[in-house]
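In: Just the structure for this:
(one chain, ligands or ions: 2)
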Amino acid sequence: MKKYYEKVKGTLDFYPPRSILFKNVADKAGKLFKTFGYEEIILPVLEETGVFIKSVGQTSDIVRKQIFKIESKNIILRPEGTAQVVRFYIEKAIYRQRDFHKFFYIGPMFRGERPQKGRLRQFHHIGCEVFGSQSPYLDMEVIKLAMLILESCGVEKITLKLNSLGCEKDKKNFKNFLIRELEGSKEKLCLVCKGRVLTNPLRVLDCKHQSCKRVVSGLNLTKNNLCDSCRAHFEKVLSLLKKFNIPYDYDPTLVRGLDYYSNTVFEFVSSELGAKDACGAGGRYNDLVKNLGGPEIPAIGFALGVERMMLLIKEAPQVSTAKVFVAYTPRDIYPQAYKVLNSLRENGIPSDISYNDRPLKRQLRLAQKLGVDFTVIVGEEELKDGCLILRNMRESTQNKVKLDDLVAVLKENLC
Ligand SMILES: [Zn+2]
Ligand SMILES: [Zn+2]
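Out: Ligands and ions are numbered 1, 2, ... in the order given. This is a model prediction of the structure:
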């Protein structure tokens, strides 16, 4: 018989403590983005197919096999944020307001191919896009910000890899250089890369096959593939990274799989994630706004994978829901007990009660399971004197407290 309680393959349910960890990551990132002058945007998960095909490129892996299409509508579930933010930026003519904008977003992204280990159908990105400047300071700052987010969330042992792809012209020259070089060693490449040499030779550079790696390591890849101005920009970015104490690995084989990237590209990798090891990536896309029909405006951004970050966070988050439990006896005193609960909540004290009619012993057991700090016991005798029993669950001690003092006493003792 079909089970009706199975989640879709490649999706995750987040519940405590994972849901708390997720929220912590989002909160910490949001705080840092705001510190750096970013504004939050919330965009739909649905987009027109064309936006992505035009942006990331016909031959990119995303378009070839990864997009989650809704065939009947020519609509897709977004695979990443950059193309979409650019679509929004042009459609709303944001550039008319000022000549410089910084946006960040946190939300789900989707993949159409069959889910496998480490590759989910629905996953989450924390990302940002900055429009309107070519400054190498911005390249440095965006990278630094991503590093700060990873660090503040407790993601450790991260290496920054970076490279420069140069401008459109440099990319074209580099592509031709690669085609020339790789044609000669085509026989030594893996099956996929054999097909890539003419269509998407850049992808051969980050193929994980040993045979392809060997061919790539024999190529003479240097910054000399860049034109003077792109090389100067990249050298400046590198010197700024040094100046601001951001360690990096210059990796001339780093190309990223998406057509829109130009000049600086980077990836954050961890040896702990295995082969598909990036937990975030980004770069410049100086021509994308223009290519999608907007004015010529340079831009840069990055995205961090929340699920991958969570795999790398060692420290368990603090689970804290209700801090106070209200118990009562006998059962007909429930209305008074509920009144006490209500006054605690009105004073902002996280608190709860049993909604089912249970004897005091079971109520106390429930309080223990909830892990509350205090239990307030509303008893008939004590209530006659305007008092309650306050039980400290951590120390297993209890004493009488005046009903009028309860809120003050709890506020003093709850951190
Ligand atoms: Zn150039
Ligand atoms: Zn290969």
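
In: Can you give me the domain boundaries for this protein?
Out: 18-167+227-312, 324-413 (automatic domain parsing).

In: And the helices in the stretch 301-415 of the chain, which stretches?
Out: Under the criterion DSSP state H, counting those that start in this stretch, the stretch 301-415 of the chain contains helices at 306-312, 334-346, 360-370, 380-384, 406-413.

In: Comparing these, which stretch has the densest surroundings?
Out: Mean neighbours per residue, mean count of other Cβ atoms under 10 Å, is largest over the helices of the stretch 301-415 of the chain for helix 306-312, with a mean of 20. The way it works is simple: take the backbone N, C-alpha and C, and place the C-beta from them, glycine included.

In: and the worst-scoring helix or strand of the chain on mean pLDDT, how far out from the chain's middle?
Out: The helix or strand of the chain with the poorest confidence is helix 61; it has a mean of 73 (mean pLDDT, DSSP states H and E). In terms of Cα atoms, centre = their mean, to the nearest Å, the centre of helix 61 is set 21 Å apart from its chain centre.

In: Give the next helix or strand downstream of that helix.
Out: For helix 61, the succeeding helix or strand toward the C-terminus, using DSSP states H and E, is strand 68-70.

In: can you redo the domains of the chain as CSV with distance to residue 184?
Out: What follows is the domains of the chain, written out as CSV (distance: least, Cβ to Cβ, whole Å):
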stretch, distance to residue 184
domain 18-167+227-312, 18
domain 324-413, 66
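
In: Pick the most deeply packed of those.
Out: domain 18-167+227-312 (a mean of 18).

In: what pLDDT does residue 371 get?
Out: At residue 371, the pLDDT value in this model is 90.

In: What lies in contact with the helix or strand hosting residue 213?
Out: Assigned by DSSP H and E, residue 213 belongs to helix 210-217. With contact meaning Cβ atoms under 8 Å, 6 or more residues apart in numbering, helix 210-217 is reached by 182, 185, 188-190, 193, 204-205, 207, 253.

In: Pull up the gap between the closest residue to residue 248 other than its chain neighbours and residue 395, please.
Out: Nearest residue to residue 248, sequence neighbours excluded (Cβ to Cβ, 6 or more residues apart in numbering): residue 160, at 4.6 Å. Distance of residue 160 to residue 395, computed by Cβ to Cβ, to the nearest Å: 47 Å.

In: Looks like residue 322 contacts residue 350 (just checking).
Out: Yes - contact status for residue 322 versus residue 350: in contact at 5.1 Å, counting by Cβ atoms under 8 Å.

In: Spell out which residues sit in contact with residue 44, please.
Out: residue 78.

In: that's a helix at it, yeah?
Out: No - using DSSP: H, G, I helix; E, B strand; the rest coil, the assignment for residue 44 is coil, not a helix.

In: what would the helices of the stretch 301-415 of the chain look like in JSON lines with distance to ligand 2?
Out: JSON lines is the format used below for these (distance: least, Cβ to the ion, whole Å):
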{"stretch": "helix 306-312", "distance to ligand 2": "23"}
{"stretch": "helix 334-346", "distance to ligand 2": "60"}
{"stretch": "helix 360-370", "distance to ligand 2": "53"}
{"stretch": "helix 380-384", "distance to ligand 2": "76"}
{"stretch": "helix 406-413", "distance to ligand 2": "62"}
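
In: Same list (those) but as TSV, adding distance to residue 177.
Out: Converted to TSV, the helices of the stretch 301-415 of the chain look like this (distance: least, Cβ to Cβ, whole Å):
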stretch	distance to residue 177
helix 306-312	33
helix 334-346	68
helix 360-370	64
helix 380-384	85
helix 406-413	69
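
In: Ligand 1: which of the ones you listed is closest?
Out: helix 306-312 (31.9 Å; Cβ to the ion).

In: contact partners of the closest one?
Out: Contacts of helix 306-312 (Cβ under 8 Å, 6+ apart): 12, 18, 21-22, 25-26, 106, 118, 120, 123-126, 150, 153, 155-158, 270, 272-273, 278-280.

In: cool, and stretch 273-280?
Out: Taking Cβ under 8 Å, 6+ apart as the rule, stretch 273-280 contacts 118-119, 146, 150, 155, 158, 208, 267-271, 302-305, 308-309, 311-312.

In: Ligand 2 versus the closest residue to ligand 1 within the stretch 301-415 of the chain, what's the distance?
Out: Going by Cβ to the ion, ligand 1 is nearest to residue 301 of the stretch 301-415 of the chain, at 19.8 Å. In this view, residue 301 and ligand 2 are 28 Å apart by Cβ to the ion, to the nearest Å.
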